[in-house]
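J.: Provided below for reference: sequence and predicted model.
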Amino acid sequence: MKIYHSLDSIRDLHHAVVTSGTFDGVHIGHQKILNRLNEICSQSGGESVILTFWPHPRMVVSDDSQNLLLLSTIDEKIELFAKLGIKHLVIIPFTRAFSELTSEEFIQQVLLDKIDTRKLVIGYDHRFGRNREGSFEFLVRNASKYGFEVEEIPRQDIEDLAISSTRIRQALLSGQVNVAKGLLGRPYALSGTVVKGKQLGRTIGFPTANLHLHESYKLIPGNGVYIIKAHYQGTAYNAMLNIGVRPTVDGIHRTIEAHILDFDKEIYGEDLSVELIHYLRPEQKFDGIDKLVSQIHIDRQNTIAYLSQ
């Protein structure tokens with residue numbers, strides 16, 4: 001997949017079949033659009049092109065951007081687009097000036113002048129341009145003027161899947177990682193750097209990797225204990241994850257700590273990613289360290305039993 005970080009860097013696209021959007025999560029509703037994009041390219045001999053925007057538009061134009069929680073980082077989206085067989089990815093730097101482009105200016109300056117779009121594929125109710133004034137109906141009315149075809153993924157096709165990024169966020173925040181997995185088409189993942197914590201886990205026989213996320217806007221699921229797969233240097237390990245404030249030891253700050261089963265390497269300062277497989281239980285305050293340790297032993301047994309299935 002070729003990646004362009006500006007419109008001016010685009011070169012020689014052949015019969016561009018284009019879709020655009022933020023694609024947060026690249027969930028199975030998005031995948032339906034992208035699969036249709038690839039299908040059209042196979043039929044027409046064209047090349048698939050995704051237009052996306054970074055920073056996320058809400059980071060630029062929204063008053064509550066500090067509260068923005070995203071399902072995927074830009075690097076995660078790049079990896080997912082590549083796996084789906086997309087040929088070209090255009091990452092448009094989103095600025096306030098760009099947000100002021102009218103729908104007609106967006107079509108002329110981006111879709112036509114820079115990409116020479118031959119067909120545009122969009123999800124239902126997709127809007128673009130200043131104040132989201134551009135619509136599928138607008139495109140259809142002006143298709144002959146612009147010289148490219150327009151196809152909309154029907155509303156029913158997406159609604160039948162009951163997919164939305166909002167629904168996925170709600171599921172994750174309430175610990176429903178199995179629901180999120182079904183909507184994403186894969187387990188939800190977190191990636192970061194392993195940093196030193198208070199090292200309490202080491203003293204009770206359950207050393208943990210304290211994960212500091214690469215991006216502050218990445219959504220962290222609800223507090224609790226999870227069964228996970230931990231990925232380190234290309235190898236997947238069975239593991240447990242605790243998200244929360246560790247109330248038994250009077251913790252204050254929220255942490256993300258993975259206990260990797262049958263693993264004894266020092267990995268401070270190194271990257272680790274985790275896939276959330278199953279929610280085990282809520283975080284709770286125990287009456288002393290001994291009872292906490294007893295529960296962690298039970299969590300470990302349950303993790304091994306679940307993953308062995």
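T.: Here it is on my side, so go on.
J.: so Trp54 bridges to which residues?
T.: Beta-bridge partners for Trp54, by DSSP bridges, are Pro93.
J.: surely it meets Pro93?
T.: Yes: with contact defined as C-beta atoms under 8 Å, Trp54 reaches Pro93; the gap is 6.8 Å. Using the backbone N, CA and C atoms, a C-beta is placed for each residue, glycine as well.
J.: more neighbours: which of those two?
T.: The neighbour comparison of Trp54 against Pro93 (other C-beta atoms under 10 Å) goes to Trp54, with 16 against 12.
J.: show me what contacts that one?
T.: Residues in contact with Trp54 (C-beta atoms under 8 Å, 6 or more residues apart in numbering) are Ile74, Ile91, Ile92, Pro93, Phe94.
J.: pretty sure the last one contacts Phe53?
T.: Yes: contact criterion C-beta under 8 Å: Phe94 and Phe53 qualify, at 4.1 Å.
J.: that older thread, just the buried ones from the contacts of Trp54?
T.: Using 16 or more other C-beta atoms under 10 Å as the burial test, the contacts of Trp54 include Ile91, Ile92, Phe94 as buried.
J.: hmm, back to that, pLDDT and distance to Glu104 added to the contacts of Trp54, as JSON lines?
T.: Shown next, in JSON lines, are the contacts of Trp54 (pLDDT from 0 to 100; distance: C-beta to C-beta, whole Å):
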{"residue": "Ile74", "pLDDT": "95", "distance to Glu104": "28"}
{"residue": "Ile91", "pLDDT": "97", "distance to Glu104": "23"}
{"residue": "Ile92", "pLDDT": "95", "distance to Glu104": "17"}
{"residue": "Pro93", "pLDDT": "95", "distance to Glu104": "21"}
{"residue": "Phe94", "pLDDT": "94", "distance to Glu104": "19"}
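J.: give me the three-state assignment for the residue nearest the centre of the chain.
T.: The chain has Ser72 as the residue nearest its centroid, 2.2 Å off, counting by C-alpha atoms, centre = their mean. At Ser72 the chain is in coil, as set by DSSP: H, G, I helix; E, B strand; the rest coil.
J.: surely it meets Ile78?
T.: No: at 9.6 Å, Ser72 does not count as touching Ile78 under the criterion of C-beta under 8 Å.
J.: what sits in contact with each of those two?
T.: With contacts defined as C-beta under 8 Å, 6+ apart, no residue is shared by Ser72 and Ile78.
J.: let me see the backbone angles for the nearest residue to Gly129 once chain neighbours are set aside.
T.: Excluding the flanking residues, the one nearest Gly129 by C-beta to C-beta, 6 or more residues apart in numbering is Ser103, at 3.0 Å. Main-chain dihedrals, Ser103, degrees, to the nearest 10: phi -60, psi -40.
J.: what's near enough to touch Ser103?
T.: Phe128, Gly129, Arg130, Glu133, Gly134, Phe138.
J.: which residue, other than its chain neighbours, is closest to the fourth one?
T.: Closest residue to Glu133 apart from its sequence neighbours, by C-beta to C-beta, 6+ apart: Ser103 at 5.1 Å.
J.: the last one too?
T.: Among residues not flanking Phe138 along the chain, Ser103 sits closest, at 6.4 Å (C-beta to C-beta, 6+ apart).
J.: could you tell me how far that neighbour is located from Pro221?
T.: 37 Å (C-beta to C-beta, to the nearest Å).
J.: check what pLDDT Glu275 gets.
T.: pLDDT, Glu275: 98.
J.: list the contacts for it?
T.: Arg186, Pro187, Tyr188, Ala189, Ile228, Lys229, His231.
J.: top of those by number of neighbours, please.
T.: Within the contacts of Glu275, most neighbours by other C-beta under 10 Å means Ile228, with 29 neighbours.
J.: am I right that that one is in a strand?
T.: Yes: per three-state DSSP, Ile228 lies within a strand segment.
J.: so it touches Leu241, yeah?
T.: Yes: under the criterion of C-beta under 8 Å, Ile228 makes contact with Leu241 at 4.6 Å.
J.: what sits in contact with each of the two?
T.: Ala258, Val274, Leu276.
J.: among these, which one has the most neighbours?
T.: Most crowded among the shared contacts of Ile228 and Leu241, counting by other C-beta under 10 Å, is Val274 at 27 neighbours.
J.: and it, what element?
T.: Following DSSP states H and E, one finds Val274 within strand 271-281.
J.: make a markdown table from the contacts of Glu275 and add pLDDT to it.
T.: Converted to a markdown table, these look like this (pLDDT from 0 to 100):
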| residue | pLDDT |
| --- | --- |
| Arg186 | 97 |
| Pro187 | 98 |
| Tyr188 | 98 |
| Ala189 | 98 |
| Ile228 | 98 |
| Lys229 | 98 |
| His231 | 98 |
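J.: neighbouring strands - and their directions - for the helix or strand where Ser191 lies?
T.: According to DSSP H and E, Ser191 maps onto strand 188-195. Strand pairing for strand 188-195, using DSSP bridges, gives strand 209-213 (antiparallel), strand 271-281 (antiparallel).
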